[in-house]
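K.L.:
A predicted structure for the sequence below; I have some questions about it.
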2 protein chains.
Amino acid sequence: MKLATLKDGTRDGTLLVVSRNLKHAAKADHLAPTLQSALDDWDYAAPLLEQLYNEINDGGAPSASSRAFSLDAKQLMAPLARAYQWLDASAYLNHVELVRKSRGAEMPPEFKRDPLMYQGASDAFIGACDDIVCGSEDWGIDLEAELVVILGDVPMGTDADKASQHIRLLALVNDVSLRNLIPAELAKGFGFLNGKPWTAFSPVAVTPDELGEAWDGKRAHLPLVSHVNGELLGKPNCGADMVFHYPRLIAHAAKTRALTAGTVLGAGTVSNRDRSTGCGCLAEKRAIETIEHDKPDTPFLKFGDRVRIEMLDAEGRSIFGAIDQRVVQLS
Amino acid sequence: MKLATLKDGTRDGTLLVVSRNLKHAAKADHLAPTLQSALDDWDYAAPLLEQLYNEINDGGAPSASSRAFSLDAKQLMAPLARAYQWLDASAYLNHVELVRKSRGAEMPPEFKRDPLMYQGASDAFIGACDDIVCGSEDWGIDLEAELVVILGDVPMGTDADKASQHIRLLALVNDVSLRNLIPAELAKGFGFLNGKPWTAFSPVAVTPDELGEAWDGKRAHLPLVSHVNGELLGKPNCGADMVFHYPRLIAHAAKTRALTAGTVLGAGTVSNRDRSTGCGCLAEKRAIETIEHDKPDTPFLKFGDRVRIEMLDAEGRSIFGAIDQRVVQLS
């Protein structure tokens, strides 16, 4: 099933069920007012939402249900317009290795044993077509194309081999990063704060079954396609070179505390060892350029630039809809 | 006014207005169902809640209002049982200096210019009398006594001199820390994750006017008193040696993004240069012992230990009620 959140002027929006082809949607607030409320009570809400999903898919057009309407992604907030937790890992160590190598540093060997993961800002997520608003181009504005999972309640101490059952939904994000602010922040040891402003989400979040055989319970074996100003930046496969899979990341996060329903957990910028697949962020492209000829050629994003992130299934159909954003200056 | 949240079996509880003397309370869910909903719409909700607060204070006893009842802090969740954001700084640099000195390290000079601040876990906060549940004593279980502010909406780029107006409420927290897990986490640069499990809150959150002249809009000039197993650990003054005041911390957090209503912002373990005031956490006491005679004498918390954190006004009355917790083993 595919779920989204309609902009309605409130902080949390209205829950929508979206047809598989992403063309139409029906309000589901009579079943659960928001996606958070559905996640809070998933065993109750999911079967009801699934039934509505089947109805709008069977009908195939808005007329099939009096509540259905044609969907425009610009009408959508992030599926969770705000969340109680956003954890982001760096599970594609190829990305970490490249970025470090470009500045002459080795990757510490313990990074292969113990996942890198930080607590991100979840007080506001932005919609797939919302602007990326920044104060200055000097901050080094970058995209990061990621696939995230959205969780149900996870008990403290959950083992990796039991963690997959807590995955409720998948979504794409653009984990917007301000590269020039990050080195000083990480040097302090306290993690990202100013360097990671609001994160953008794909139009819909989907249950794992929507990925069919591409989802094996641990990883999604599909390419994540990113464009900047219409030019392909990369299409690395999310299932390749993911050193820590989602259940392993969940277990890491839940080592010393339970995680509550609605936790969003990311695996970091997707990055493959096969360089022909390109990159999921500009920092990595610049790192490769620096390794190859001592300096980066690709600039970071400028005001007016556009970013597009999408995942297609084996038949070329968009699974989550596209993140399609413009960078604008804070007015 | 003083606000709290009643345990009612739901994830968010029921909003309560609590009398100034902390003895009785009235349900306020007809005005705003939860504290988050009140913060979401503060200009509407605050005057209504204030009116109920005046009623229960004037009456002076539960009988004054048919809705009022005698309050037991054990009935309470954290005022925000879950929040969309928890930012914690380390504004009392004396603490940072002592801890570093005990391991032979200097404090980098930029720490005096640029606040240390991390994004904490806010998907669940625990009540003042809830147990601290840990998997192992080997994790190095510690308390951290802090005073936090709870914010309304803060626009991106807000200056420190305009930030104080966004402070809605104050509360105490026990920022439980697992000291033996922290060094490896901070070495990775991505901040705290396993090292900071669920944070406990004082029974009530209060509007700044409840502190009277002790609140100057930037700092609270009152001691924060901590006990471990009935023995005084310290009573450092929150207004002394706070290198970055709350408005400065708000401005730092809002540099590259807006902060939304309900954001909890802490200033870190309170720590004074005057060592006779004692400490707000065991790590600092152990650091001083190490500086003075090369090794710590005070152990971290063990299962069964009790922690109490409270702030009294000039007349010795408890402002927030006491955090009073027991450390227990995960079963």
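P.N.:
Received, thanks. Note that the structure is predicted; figures quoted are calculated from it, not measured.
K.L.:
gap between residue A:185 and chain B?
P.N.:
8 Å (CB to the nearest CB, to the nearest Å). Every residue, glycine included, has its C-beta placed from N, CA and C.
K.L.:
for that residue, which non-adjacent residue is spatially closest?
P.N.:
Using CB to CB, 6 or more residues apart in numbering or on different chains and skipping residues adjacent in sequence, the residue nearest residue A:185 is residue A:195, 5.1 Å away.
K.L.:
most centrally placed residue in chain A?
P.N.:
Closest residue to the average C-alpha location of chain A: residue A:173 at 2.5 Å, with CA atoms, centre = their mean.
K.L.:
contacting residues for the residue nearest to residue A:185?
P.N.:
A:177, A:178, A:179, A:181, A:182, A:185, B:256 (CB atoms under 8 Å, 6 or more residues apart in numbering or on different chains).
K.L.:
of the residues you listed, closest to residue A:20?
P.N.:
residue A:177 (31.9 Å; CB to CB).
K.L.:
and that closest one, how many neighbours?
P.N.:
By the criterion of other CB atoms under 10 Å in any protein chain shown, residue A:177 has 24 neighbours.
K.L.:
for stretch A:180-199, the distance to its chain's centre please.
P.N.:
19 Å (CA atoms, centre = their mean, to the nearest Å).
K.L.:
to clarify, my last question referred to stretch A:178-186.
P.N.:
Mean C-alpha position of stretch A:178-186 versus that of the full chain (CA atoms, centre = their mean) differs by 21 Å.
K.L.:
ok, stretch A:128-140 next?
P.N.:
Offset of stretch A:128-140 from its chain centre (CA atoms, centre = their mean): 17 Å.
K.L.:
in three-state terms, how would the residue nearest to residue A:185 be classified?
P.N.:
Here residue A:195 is coil, with the state taken from DSSP: H, G, I helix; E, B strand; the rest coil.
K.L.:
what sits against the closest residue to chain B within chain A?
P.N.:
Using CB to the nearest CB, the single residue of chain A nearest to chain B is residue A:191, 2.4 Å away. By CB under 8 Å, 6+ apart, residue A:191 lies in contact with A:118, A:119, A:185, B:118, B:119, B:189, B:190, B:191, B:192.
K.L.:
residues in contact with the one helix or strand the third one maps to: which ones?
P.N.:
Read it as residue A:185. In the assignment (DSSP states H and E), residue A:185 maps to helix A:182-187. Residues from elsewhere that reach helix A:182-187, judged by CB under 8 Å, 6+ apart: A:191, A:192, A:193, A:194, A:195, B:110, B:114, B:189, B:190.
K.L.:
remind me which residues of the stretch 1-150 of chain A are low pLDDT?
P.N.:
A:59-66 (pLDDT under 70).
K.L.:
what about the strands in it?
P.N.:
Taking DSSP state E, counting those that start in this stretch as the test, the strands found in the stretch 1-150 of chain A are A:2-6, A:14-18, A:24-27, A:68-70, A:76-77, A:86-89, A:117-119, A:125-126, A:132-134, A:141-142, A:145-151.
K.L.:
could I get these as CSV with distance to chain B and mean neighbour count?
P.N.:
Formatted as CSV, these follow (distance: least, CB to the nearest CB, whole Å; neighbours: other CB atoms under 10 Å in any protein chain shown):
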stretch, distance to chain B, mean neighbour count
strand A:2-6, 15, 26
strand A:14-18, 16, 26
strand A:24-27, 21, 22
strand A:68-70, 27, 16
strand A:76-77, 13, 26
strand A:86-89, 8, 26
strand A:117-119, 4, 26
strand A:125-126, 10, 23
strand A:132-134, 7, 21
strand A:141-142, 10, 24
strand A:145-151, 10, 26
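K.L.:
now distance to residue A:160 too, for those strands, in JSON lines please.
P.N.:
Compiled in JSON lines, those are given as follows (distance: least, CB to CB, whole Å):
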{"stretch": "strand A:2-6", "distance to residue A:160": "26"}
{"stretch": "strand A:14-18", "distance to residue A:160": "31"}
{"stretch": "strand A:24-27", "distance to residue A:160": "35"}
{"stretch": "strand A:68-70", "distance to residue A:160": "40"}
{"stretch": "strand A:76-77", "distance to residue A:160": "32"}
{"stretch": "strand A:86-89", "distance to residue A:160": "13"}
{"stretch": "strand A:117-119", "distance to residue A:160": "14"}
{"stretch": "strand A:125-126", "distance to residue A:160": "27"}
{"stretch": "strand A:132-134", "distance to residue A:160": "34"}
{"stretch": "strand A:141-142", "distance to residue A:160": "30"}
{"stretch": "strand A:145-151", "distance to residue A:160": "13"}
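K.L.:
what comes up buried for stretch A:265-279?
P.N.:
Neighbour counts over stretch A:265-279 (16 or more other CB atoms under 10 Å in any protein chain shown) mark A:265, A:266, A:267, A:268, A:269, A:270, A:271, A:272, A:277, A:278, A:279 as buried.
K.L.:
returning to that earlier point: may I ask which two of the contacts of residue A:195 are separated the most?
P.N.:
A:179 and B:256 (12.1 Å).
K.L.:
these two: which is more packed in?
P.N.:
Neighbours were tallied for residue A:179 and for residue B:256 using other CB under 10 Å; the higher tally belongs to residue B:256 (23 against 18).
K.L.:
and that one, which of the three is it?
P.N.:
Applying three-state DSSP: residue B:256 is coil.
K.L.:
burial count for residue A:165?
P.N.:
The burial count for residue A:165: 12, using other CB under 10 Å.
K.L.:
returning to that earlier point: in helices only, show me the buried residues of stretch A:265-279.
P.N.:
Per DSSP state H, helices hold no members of the buried residues of stretch A:265-279.
K.L.:
I'd like the residues you listed as a markdown table, with distance to chain B appended.
P.N.:
Formatted as a markdown table, the buried residues of stretch A:265-279 follow (distance: CB to the nearest CB, whole Å):
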| residue | distance to chain B |
| --- | --- |
| A:265 | 11 |
| A:266 | 13 |
| A:267 | 14 |
| A:268 | 11 |
| A:269 | 14 |
| A:270 | 18 |
| A:271 | 17 |
| A:272 | 22 |
| A:277 | 25 |
| A:278 | 25 |
| A:279 | 21 |
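K.L.:
could you see whether chain B lies near the helix of greatest length in chain A?
P.N.:
Identified as the longest helix of chain A according to DSSP H is helix A:42-59. No: using CB under 8 Å from any CB of the partner chain, helix A:42-59 stays clear of chain B, coming no nearer than 12.6 Å.
K.L.:
ok so, going back, could you point out the helix or strand that follows the helix holding residue A:185?
P.N.:
Next along from helix A:182-187, by DSSP H and E: strand A:199-201.
K.L.:
mind giving me the packing neighbours of that following strand?
P.N.:
strand A:125-126, strand A:167-174, strand A:323-329 (3 or more CB pairs under 8 Å, 6 or more residues apart in numbering or on different chains; DSSP states H and E).
K.L.:
which residues are contacting stretch A:283-290?
P.N.:
Stretch A:283-290 is contacted from outside by A:95, A:98-99, A:101-103, A:142, A:177, A:179, A:233-234, A:269, A:271, A:275, A:278-279, A:295-298, using CB under 8 Å, 6+ apart.
K.L.:
now residue A:291: phi and psi?
P.N.:
phi -60, psi -40 (degrees, to the nearest 10).
K.L.:
and the stretch 151-300 of chain A, which residues reach chain B?
P.N.:
Counting by CB under 8 Å from any CB, the residues of the stretch 151-300 of chain A near chain B are A:156-157, A:178, A:181, A:184, A:186-195, A:197-198, A:252-253, A:255-260, A:262-263.
K.L.:
and residue A:234, how close does it get to residue A:48?
P.N.:
To residue A:48, residue A:234 is 39 Å away according to CB to CB, to the nearest Å.
K.L.:
quick one on the thing from earlier: name the stretch among the helices and strands packed on strand A:199-201 that sits most buried.
P.N.:
Of the helices and strands packed on strand A:199-201, the one with the most neighbours on average (mean count of other CB atoms under 10 Å in any protein chain shown) is strand A:167-174, at a mean of 25.
K.L.:
what mean pLDDT does that one have?
P.N.:
The predicted model gives strand A:167-174 an average pLDDT of 98.
K.L.:
picking that back up, ok, so of the buried residues of stretch A:265-279, who is nearest residue B:146?
P.N.:
Checking the buried residues of stretch A:265-279 against residue B:146 with CB to CB, the nearest one is residue A:265 at 27.0 Å.
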